[in-house]
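Q: only geometry, no sequence info:
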DNA sequence: CGAACGTTCCACCTTCAGGTTGAATATCGC
DNA sequence: GCGATATTCAACCTGAAGGTGGAACGTTCG
């Protein structure tokens, strides 16, 4: 019934340490699945699944060359996530500011 | 076996539209559980659970006054999340810059 | 061609997320 | 004290997340 938004997928993908490690690795340059899996304490299959989650979130692009699949980072969805967080922080601090003004108003009376 | 990090909890809490709605509401001021639940298309119990997830992530604080529980936003965990995202974006764009320099170097030869 | 390699697909298991309903608990107001 | 109100707790269900191992598939290379 419910369509999951792009933002849902992005944040969900980021909410896992293994996937954040993969992204951190990819931010230094493209890599194959096996290369990404090598330092991780799990099966190649599990890593393959994590990559699929990252692809669903459009955080990672796949480039197949022969039998090798080269993964690379696409940082654009991060912009949307950062935007949401910044918006919340802005509204929050704005509210604090108004609250502060209100309290000073009280004091003057 | 695995200890979940603060960042995991934060991002996981954010990766749900209902919880983001709750946070957006709270960024405009504190509210009781029932007030938060009113506009949401689910039972009060479900909302209570969502709030617990937000509390685990330390994004929300609870202030009990009589039978009413007043929830308020604590934006500090958002800073950590924003930091991680910004770090990734920085490394990613730095890599693109270096790649660009490299290509220009190639051209000059 | 045939063996090795890189990756995915499939079947399975266990844990957890998100929702439900119904009962329990605590407080308020008459 | 009693009924209404605010919230949680407990049990349960369904589906998805995250892991496993093994079979399948396409590609490379001797």
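A: In hand now; what should we look at? Please read all numbers here as calculations on a predicted model, not as lab measurements.
Q: now the strands for chain A?
A: Here chain A has its strands, by DSSP state E, at A:31-32, A:60-65, A:68-73.
Q: Is any residue of the shortest one near DNA strand C?
A: Yes - applying CB under 7 Å from any atom of the strand, one finds that strand A:31-32 is in contact with DNA strand C at residue A:32. From N, CA and C alone the C-beta is placed, and that goes for glycine too.
Q: circling back: reformat the strands of chain A as JSON lines; add mean neighbour count and distance to residue B:33.
A: Shown next, in JSON lines, are the strands of chain A (neighbours: other CB atoms under 10 Å in any protein chain shown; distance: least, CB to CB, whole Å):
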{"stretch": "strand A:31-32", "mean neighbour count": "16", "distance to residue B:33": "46"}
{"stretch": "strand A:60-65", "mean neighbour count": "13", "distance to residue B:33": "39"}
{"stretch": "strand A:68-73", "mean neighbour count": "17", "distance to residue B:33": "40"}
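Q: Worst mean pLDDT across the helices and strands of chain A, which element?
A: Least confident element among the helices and strands of chain A, by mean pLDDT, DSSP states H and E: helix A:76-108 (a mean of 85).
Q: That helix versus strand B:68-73: what angle between them?
A: Computed by axes from the mean of the first three to the mean of the last three CA atoms, to 10 degrees, the angle separating helix A:76-108 from strand B:68-73 equals 120 degrees.
Q: Please name whichever of the strands of chain A is nearest to residue B:35.
A: strand A:60-65 (40.0 Å; CB to CB).
Q: quick one: whichever residue of chain A sits closest to DNA strand D from residue A:32, how far?
A: In chain A, the residue that lies nearest DNA strand D is residue A:66 (2.0 Å; CB to the nearest atom of the strand). From residue A:66 over to residue A:32 the distance is 11 Å, taken as CB to CB, to the nearest Å.
Q: Once you drop chain neighbours, what's closest to the residue positioned nearest the centre of chain A?
A: In chain A, the C-alpha nearest the mean C-alpha coordinate belongs to residue A:14, at 3.9 Å (CA atoms, centre = their mean). Distances taken as CB to CB, 6 or more residues apart in numbering or on different chains put residue B:11 closest to residue A:14, at 4.9 Å, once the chain neighbours are dropped.
Q: How confident is the prediction for that neighbour, by pLDDT?
A: You'll see residue B:11 listed with a pLDDT of 96.
Q: Could you measure from it over to residue B:80?
A: 10 Å.
Q: With neighbour numbers in mind, choose between those two.
A: For residue B:11 versus residue B:80, the count of surrounding residues by other CB atoms under 10 Å in any protein chain shown is larger for residue B:11: 25 against 15.
Q: which residues does that one contact?
A: Applying CB atoms under 8 Å, 6 or more residues apart in numbering or on different chains to residue B:11 gives the contacts A:11, A:14, A:15, B:81.
Q: Could you tell me which residues of chain A lie near DNA strand D?
A: Residues of chain A lying close to DNA strand D by CB under 7 Å from any atom of the strand are A:12, A:15-16, A:18, A:42-43, A:45-46, A:49-50, A:53, A:65-67.
Q: For residue A:71, which non-adjacent residue is closest in space?
A: residue A:60 (5.3 Å).
Q: which ones are touching the closest residue to residue A:24 other than its chain neighbours?
A: Using CB to CB, 6+ apart and skipping residues adjacent in sequence, the residue nearest residue A:24 is residue B:88, 6.9 Å away. Residues near residue B:88 by CB under 8 Å, 6+ apart: A:23, A:24, A:27, A:75, A:78.
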